[in-house]
Every structure is written in C-alpha cells, then in structure tokens.
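Peer 1: here's a sequence, model it:
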Amino acid sequence: MISIRTLISEIVTGLGMLPSDSLEEVMNREIPPAELDGVDPETWTALRNAWPSAPWTAEFHSAFDDGRYFFHAEDALRDRPPHLVEWKGPHRPPEQNALPADLRVDRVFIVSCKSLSKILLNPSPVSLFRSALRLADFSGADWYNEVAPDEYGTLYAAVVRHLGLAGFPARPAELNRQQRDRLKTDLRGGWPTNLKIEVNDFVSAVSSRSAEALNAALSNRGLREVFYWRLMRLHSAPYFILGRQQSGPTRLRVLTPWDFRRQFRFDELEIDADHVGQPQLKWTAHFVDLAHNRQTSTNGHIEIRWSHGKFNGAPEAKIYLDTPHVDACGYHPL
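Peer 2: Next up is the predicted model:
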C-alpha cells in the first residue's frame, strides 16, 4: 500500500500542473480531473480524506507548488496546459535501470517526485563492485566474506568471545536468524572498545579491496565516464526531479549523456578507500565545464554496511552524493 505522503507528493504535484483550479477547488472534487490518468476512485478517496488534515497541509501545498513551478518553467510546460498527466502508481517497471518516473506529462515529460536525500542508489555490493552497476545481483552474497574472509572471521570470533556467547558457530556464514538477532541487539551501541584492532583490520580490508575491485571493473576512461552516468542516474531520455530538501524546494532537469557531453568534458573519476570507522569508499569525478572553460568536480562516498544491524544479513552498498544536487554535474536547476 502506497503511503499517504507518497500519494500527496506524486498525485498533487500532477494536479499542480493543471492550472484551471486552485488546490482547494481541485481537492473538493468528487472525482479527479479528466486530464489526470491512473488514479482510481479508492486512491482519490484516500487522498481527499487526507485533505486538509493538519499533519498533511504543508505536504499538499508543497507538492502543488512544485507542479505549478513545472507548469510555468521555461524548460518544462511554459504555461501550456497539458492534455494528459499520467500517474505511474505502485507498479514496478519491468526493465532494469528504468527511468525513475512517477508522472508522465503529455507522453513526453517524465517527472520524478521525491524528497531528495544524499543517497543516489542502494545496490548490492556484487552489482556495484564486480559489474560497476551494469548487472543487477540478487544472490544475497555476503560481500564481507567474499573480499575479507580472514579479517571478517577474526572480528566475528573476537565478538563471540567478548560477549561470551556459547553455542555460536565458528563462522558468521553459519549463523541462524536467532543468533543474528542476538548479535544485532548486543552490538547496537557500537563495537566493543577492546576490539579496536580487529575492527580496524576488518574496515581497512573491506574498504581497500572493494576499491580495488571497482577500479579493476572500470579499467579505462570510457568505462569511468559511463559509470558516472549510472551513479547520477542519467538516462538516454531526459527527465525532471521535483522535490524537497531541508534547504527548501529542489527542481532539477536531469541531463542525458548527449546533453552531458555537450556541456562537460570528462577528465577522471577517482575511487579510493576511505578509512572512517566503517567500510567506505570516496569518489570524485573531474570535468571541464565547456561553456565557462573551467574545472569542476562532483564528489560522494559509498558505504558498505549491514542495513539491519551488525551481522544481521548480507551487507549492502549505499552510494551518496556529497556535492549539493544543484551543483552536481548532470543536474540543471529548472
């Protein structure tokens, strides 16, 4: 079931692109406007029931303002009322690496509605470090055990000894669900201070070998440029991001690789281990801004961590953008 917040963010943004009614007028309708496609009666009722209740008032107005901005923007509708605004809804796209579409306007404009976080992607470590995001991986493989089995095993054994856990297996791969939950609970406050050496050895090994694997997968300049496009989710078709950050509204046009090469010349993508207390890499992409003949860069980092607590399932990778979205190469303020 889609959350009310998501319904507001996506559908009300689409309503804002239809300039005939105010927010108050359109939300008092018994049925959605004829130009809005994909919203069934049940969903419309759920949306109307949330309006204008106190918890959601700001969300409604923010989403509607985003739609209005898109209606007026020179790079978007230019004050032309759309004939059709399609809401994608809850279905998953059938293809891999699909455009992040929530709305499609007049079968041309693709719009992603989201509260922008610094997280760009959340792939499996195998997909990221072995195939550089070219192939999805659903194996559930334990990346820690693959790249640092000795250091991982040593850390696990030290944890079991420190906590005095009887009956636990010799290797972390043999843990059952109950044992994983026990470790998650006991280590919730962080690593024991007297295991600093084992933790540092583990973090260093995973970080360094993950960086080596990714650099090996990106063996030439061309592969590194394309990998950057994947990081930033640049696609062959243009699309727009309408969303919010703590600093306020963020409305972006996402460049295609064609647009990108007309605006920037790719120089290099640096990927290095970053020893910060957990397995982590840092990345920096360097470009020449062709219009202004100046150097520019975009940077971020990659965390490799358990998503549900220490030793609780296979680790995942989170790719972060540290450069503000509006300053990142590939995103253009709308």
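Peer 1: what residues of stretch 63-82 count as buried?
Peer 2: Buried residues in stretch 63-82, counting neighbours by 16 or more other C-beta atoms under 10 Å, are found at 63-71, 73, 76-77, 82. Where C-beta positions appear, they are placed from N, C-alpha and C, glycine not excepted.
Peer 1: and stretch 48-56, by the same measure?
Peer 2: 48, 50, 51, 56.
Peer 1: in strands, which of those fall?
Peer 2: Among the buried residues of stretch 48-56, none falls in strands (DSSP state E).
Peer 1: among those, which are in helices?
Peer 2: 48, 50 (DSSP state H).
Peer 1: adding pLDDT, write the buried residues of stretch 63-82 out as TSV.
Peer 2: Formatted as TSV, the buried residues of stretch 63-82 follow (pLDDT from 0 to 100):
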residue	pLDDT
63	95
64	97
65	96
66	96
67	97
68	97
69	97
70	98
71	98
73	97
76	97
77	97
82	97
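Peer 1: closest one of those residues to residue 251?
Peer 2: Nearest to residue 251 among these is residue 69, at 5.7 Å by C-beta to C-beta.
Peer 1: hang on, the earlier thing: turn the buried residues of stretch 48-56 into TSV, including pLDDT.
Peer 2: Shown next, in TSV, are the buried residues of stretch 48-56 (pLDDT from 0 to 100):
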residue	pLDDT
48	96
50	96
51	95
56	95
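Peer 1: could I get the buried residues of stretch 48-56 as CSV with distance to residue 18?
Peer 2: Converted to CSV, the buried residues of stretch 48-56 look like this (distance: C-beta to C-beta, whole Å):
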residue, distance to residue 18
48, 16
50, 19
51, 16
56, 20
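Peer 1: closest to residue 266 among the buried residues of stretch 48-56?
Peer 2: Nearest member of the buried residues of stretch 48-56 to residue 266, counting by C-beta to C-beta, is residue 56, at 42.9 Å.
Peer 1: ok, and the closest non-adjacent residue to that closest one?
Peer 2: residue 50 (4.9 Å; C-beta to C-beta, 6 or more residues apart in numbering).
Peer 1: and for residue 323?
Peer 2: Counting by C-beta to C-beta, 6+ apart, the residue nearest residue 323 is residue 298, at 4.7 Å.
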